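Visitor: Show me how the following folds:
(2 chains)
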Amino acid sequence: MGLNQDPVKSVEEQAAERGILTTTVEKMTHWAQKSSLWPATFGLACCAIEMINVTNSRFDLARFGMEVFRASPRQADLMIVAGRVSQKMAPVVRTVWEQMPEPKWVISMGACASSGGVFDNYAIVQGVDHVVPVDVYVPGCPPTPDALLFGILKLQEKITRGLPPKYRELAAAGGPA
Amino acid sequence: MAQGVKTDDLFETGLHSSLSRESMVLNLGPQHPATHGVLRVRLTLDGETVLHAEPVIGYLHTGFEKTAETHTYQQANTLTDRMDYLSPLTNNLAYVLAVEKLMGIEVPKRAQYIRVLFSELSRLGSHLVWLGTHVMDLGAMSVLFYCLRERELILDLIEQTAGVRMNPSYFRVGGLAYDLPEGFHENCQRFLDGFPKWMQSYKNLVQGNPLIEDRLKGVGRLSKEDALALSATGPILRASGVPMDLRKSDPYCFYDEFEFDVPVRTGGDSFDRFWVRMEEMEQSVRIMNQALAKIDPVGAYTTTDRKVSLPPREEIYGNMEALIHQFKLVSGGFNVPKGEVYQGVEGPKGEMGFYIVSDGGARPYRWRARTPSFYNLQTMPTMTRGGLVADVIVAIGTIDIVLGDVDK
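Guide: So this is what the prediction gives:
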């Protein structure tokens, strides 16, 4: 039996009528990736408390398949930099990021991680993007859990659309990862 | 090694087994789930036994003190929130009281009562996070979810009053940033009435639980002498048998008008510190109930001294002088008379104090924070000596550190 019997309907539509969904391997992978991001526990300062709150029953991060916070970066593919990054902490952030298996993403949570925030001084790195490539920035001091959820949804959207993680984008442009 | 302890001395103490003279150095943190942030501990081990635990701090050094010197007094208030971010309002309180003391400002009594109420709310919120995370370190996940559920209600009260959940900077020099919102009394009363029931549900989970008691009893013992010598304050000191509480010994904000007990225990181990905090939560609710009854629904919330406190909006639109005051305060801040001052308050973690030196200008000449966690962390090597690695986690949990408070 040939599928392409009706010239008006596409192959996909005819298959759907029989209860078969068709897609590309790439789309399937993106869908799986975005639905099971495993964040590394990387709380630094105030934002970390709001990051913990995101997992509690009121905000329920588990709805997005992300409640599995991993203590080891080797088991995580998302790093939420929650809080101010000091000059002393910056190499540690980089090491943790490098230990994460690819593909991996970074969310910069809060004003301090994104730009240094109110701490324009000798101690704080003026934006974690000096240290690791950032995919999504979430503003706020600290961002509310809702804001972080929105940032996470933006990241999921990015993955669904098949956009490469930031470090690959930078590498493709010839810049440092 | 810290405190002049040489490895050889440790061998002589007998803690080290006689069979082997080889010790192992293990790094805990700075990226570790049980260090409550970015604390790094360098452990010198003999097998499972801890010979020495040396905290390595500075991974969250933010430069608060230097930054504050470039801010006006009112602006610097926002920095204090971000030190101990679990109870931002007690930090605010210590700071504004210090500046007010230096300037000799009279704050309306109603504003002081509101400050008491919010300080205790902060203490409760901080202790709830401590309870949840500490018990989670011991291996029980569910308590954290209950604690965070109730903490959300506290954050809701703060949000409807100050506009944000965390870091509200609600206390300002001269009084408060805003008046209480409509319906606050009812909302707060509903929370206070519900709390004893929730408290009981936490107790049901932990009280008499053999797993938790075995992990805490006799672990991380700190003698009264050591606690005093290491400048410990707060629940750690009170669990070691010293009834020191600034709310009683050096009352501020009319704390002497309130009836409450200071929980004290004498064992000095993790179990005692655990229960001192649990009892403190109940006392906080007691204070809040009294404070709420004392707060009139309408009244002054800030000083009328327009050289310090912003005039209300309506006044600015109709009064030239008010407009000038607004402009002066926003653009340049207020000047603080020459002098120095120290003011401490009893935060959830211990004595939170500010030492401020003014050269007579609008920005502090020196701005020094005495943060409780920094001093309390010093007790960790003493507590963990001779214990097991798992006890280090318990000790960190019962010290209740916040790294923003330690590293400043």
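Visitor: which residues of chain B fall in strands?
Guide: B:24-28, B:40-46, B:49-56, B:171-172, B:175-176, B:339-346, B:351-358, B:366-370 (DSSP state E).
Visitor: Wondering if the last one reaches chain A at all.
Guide: No - judged by C-beta under 8 Å from any C-beta of the partner chain, strand B:366-370 makes no contact with chain A; its nearest approach is 13.0 Å. C-betas here are computed from N, CA, C, even on glycine.
Visitor: In JSON lines: the strands of chain B, plus mean pLDDT and mean neighbour count.
Guide: Output for the strands of chain B, formatted as JSON lines (pLDDT from 0 to 100; neighbours: other C-beta atoms under 10 Å in any protein chain shown):
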{"stretch": "strand B:24-28", "mean pLDDT": "86", "mean neighbour count": "13"}
{"stretch": "strand B:40-46", "mean pLDDT": "88", "mean neighbour count": "19"}
{"stretch": "strand B:49-56", "mean pLDDT": "88", "mean neighbour count": "20"}
{"stretch": "strand B:171-172", "mean pLDDT": "91", "mean neighbour count": "26"}
{"stretch": "strand B:175-176", "mean pLDDT": "89", "mean neighbour count": "26"}
{"stretch": "strand B:339-346", "mean pLDDT": "92", "mean neighbour count": "19"}
{"stretch": "strand B:351-358", "mean pLDDT": "93", "mean neighbour count": "22"}
{"stretch": "strand B:366-370", "mean pLDDT": "92", "mean neighbour count": "19"}
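Visitor: pLDDT weak spots in the chain?
Guide: Picked chain A for this. Low-confidence segments of chain A, defined by pLDDT under 70: A:1-7, A:175-177.
Visitor: The chain in question should be chain B.
Guide: Applying pLDDT under 70 to chain B picks out residues B:1-21, B:33-35.
Visitor: Return the residues of it in contact with chain A.
Guide: B:30-33, B:37-38, B:58-63, B:66-67, B:78-79, B:82, B:85-86, B:129, B:144-145, B:148-149, B:151-152, B:165-167, B:403-404, B:407.
Visitor: neighbours of the residue lying closest to residue B:221 once chain neighbours are set aside, just the number please.
Guide: Distances taken as C-beta to C-beta, 6 or more residues apart in numbering or on different chains put residue B:269 closest to residue B:221, at 4.7 Å, once the chain neighbours are dropped. Around residue B:269 sit 21 other residues, with neighbours defined as other C-beta atoms under 10 Å in any protein chain shown.
Visitor: same check, this time on residue B:408
Guide: Neighbours of residue B:408 (other C-beta under 10 Å): 22.
Visitor: do the same with residue A:8
Guide: 6.
Visitor: where's residue B:246 relative to chain A, distance?
Guide: According to C-beta to the nearest C-beta, to the nearest Å, residue B:246 and chain A sit 25 Å apart.
Visitor: What is the burial count for that residue?
Guide: Neighbours around residue B:246, by other C-beta under 10 Å: 21.
Visitor: show me what contacts the closest residue to it other than its chain neighbours?
Guide: Distances taken as C-beta to C-beta, 6+ apart place residue B:346 nearest to residue B:246, at 4.1 Å, with adjacent residues excluded. Residue B:346 sits next to B:90, B:234, B:245-247, B:352 when contact means C-beta atoms under 8 Å, 6 or more residues apart in numbering or on different chains.
Visitor: Near chain B, which residues of chain A? Just list them.
Guide: A:41-46, A:48-50, A:52-53, A:56-58, A:71, A:73, A:83-84, A:86-89, A:92, A:96, A:118-124, A:141-142, A:144.
Visitor: Any of the residues you listed buried? List them.
Guide: When the residues of chain A next to chain B are checked for burial by 16 or more other C-beta atoms under 10 Å in any protein chain shown, the buried set is A:41-46, A:48-50, A:52-53, A:56, A:73, A:83-84, A:86, A:88-89, A:92, A:96, A:118-119, A:123-124, A:141-142, A:144.
Visitor: So for residue B:184, which of the strands of chain B sits nearest?
Guide: Residue B:184 lies closest, by C-beta to C-beta, to one member of the strands of chain B: strand B:175-176, at 12.3 Å.
Visitor: Residue B:72 touches residue B:358, doesn't it?
Guide: No - Residue B:72 is beyond contact range of residue B:358, at 11.8 Å (criterion: C-beta atoms under 8 Å).
Visitor: where along chain A do the strands fall?
Guide: Going by DSSP E, chain A shows strands at A:39-40, A:78-82, A:105-109, A:136-138.
Visitor: Contact partners for the residue nearest to residue B:221?
Guide: By C-beta under 8 Å, 6+ apart, the residues touching residue B:269 are B:216-222, B:239.
Visitor: same thing with residue B:27?
Guide: B:40-43.
Visitor: Need those residues in a markdown table (columns: distance to residue B:24).
Guide: Formatted as a markdown table, the contacts of residue B:27 follow (distance: C-beta to C-beta, whole Å):
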| residue | distance to residue B:24 |
| --- | --- |
| B:40 | 16 |
| B:41 | 14 |
| B:42 | 11 |
| B:43 | 8 |
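Visitor: Contacts for stretch A:164-177, please.
Guide: Against stretch A:164-177 from outside (C-beta under 8 Å, 6+ apart): A:102-106, A:132-135, A:163.
Visitor: go again using 6 Å as the cut-off
Guide: Stretch A:164-177 is contacted from outside by A:103, A:105, A:133, A:135, using C-beta atoms under 6 Å, 6 or more residues apart in numbering or on different chains.
Visitor: Let's have those in JSON lines, adding neighbour count.
Guide: Shown next, in JSON lines, are the contacts of stretch A:164-177 (neighbours: other C-beta atoms under 10 Å in any protein chain shown):
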{"residue": "A:103", "neighbour count": "13"}
{"residue": "A:105", "neighbour count": "24"}
{"residue": "A:133", "neighbour count": "20"}
{"residue": "A:135", "neighbour count": "23"}
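Visitor: If we ignore the residues flanking it in sequence, what's nearest residue B:91?
Guide: Among residues not flanking residue B:91 along the chain, residue B:80 sits closest, at 4.1 Å (C-beta to C-beta, 6+ apart).
Visitor: so who does residue 93 touch?
Guide: Using chain A here. By C-beta under 6 Å, 6+ apart, the contact set of residue A:93 is A:85, A:131.
Visitor: Hmm, no, I was thinking of chain B.
Guide: Listed by C-beta under 6 Å, 6+ apart, the contact partners of residue B:93 are B:115, B:119, B:171, B:345.
Visitor: ok, the closest residue to the last one other than its chain neighbours to residue B:287 distance?
Guide: What sits nearest to residue B:345 in space, not counting adjacent residues and going by C-beta to C-beta, 6+ apart, is residue B:94, at 4.4 Å. When distance is defined by C-beta to C-beta, to the nearest Å, residue B:94 is 17 Å away from residue B:287.
Visitor: okay, those two: which has more neighbours?
Guide: In this comparison of residue B:94 against residue B:287, neighbours counted by other C-beta under 10 Å, the higher total goes to residue B:94 at 27 against 20.
Visitor: The more buried one and residue B:352 touch, don't they?
Guide: Yes - at 4.7 Å, residue B:94 and residue B:352 qualify as touching, with contact defined as C-beta atoms under 6 Å.
Visitor: Need the residues touching each of the two.
Guide: With C-beta under 6 Å, 6+ apart, residue B:94 and residue B:352 have common neighbours residue B:345.
Visitor: and residue B:345, what are its bridge partners?
Guide: Beta bridges link residue B:345 to residue B:352, judged by DSSP bridges.
Visitor: so what's it up against?
Guide: Neighbour list for residue B:345: B:90, B:93-94, B:352 [criterion: C-beta under 6 Å, 6+ apart].
Visitor: Which member of those residues is positioned nearest residue B:320?
Guide: Nearest to residue B:320 among those, with distances taken as C-beta to C-beta, is residue B:93, at 34.4 Å.
Visitor: Residues in contact with stretch A:68-78: which ones?
Guide: By C-beta under 6 Å, 6+ apart, stretch A:68-78 touches A:37-41, A:96, A:99-100, A:104-105, B:33.
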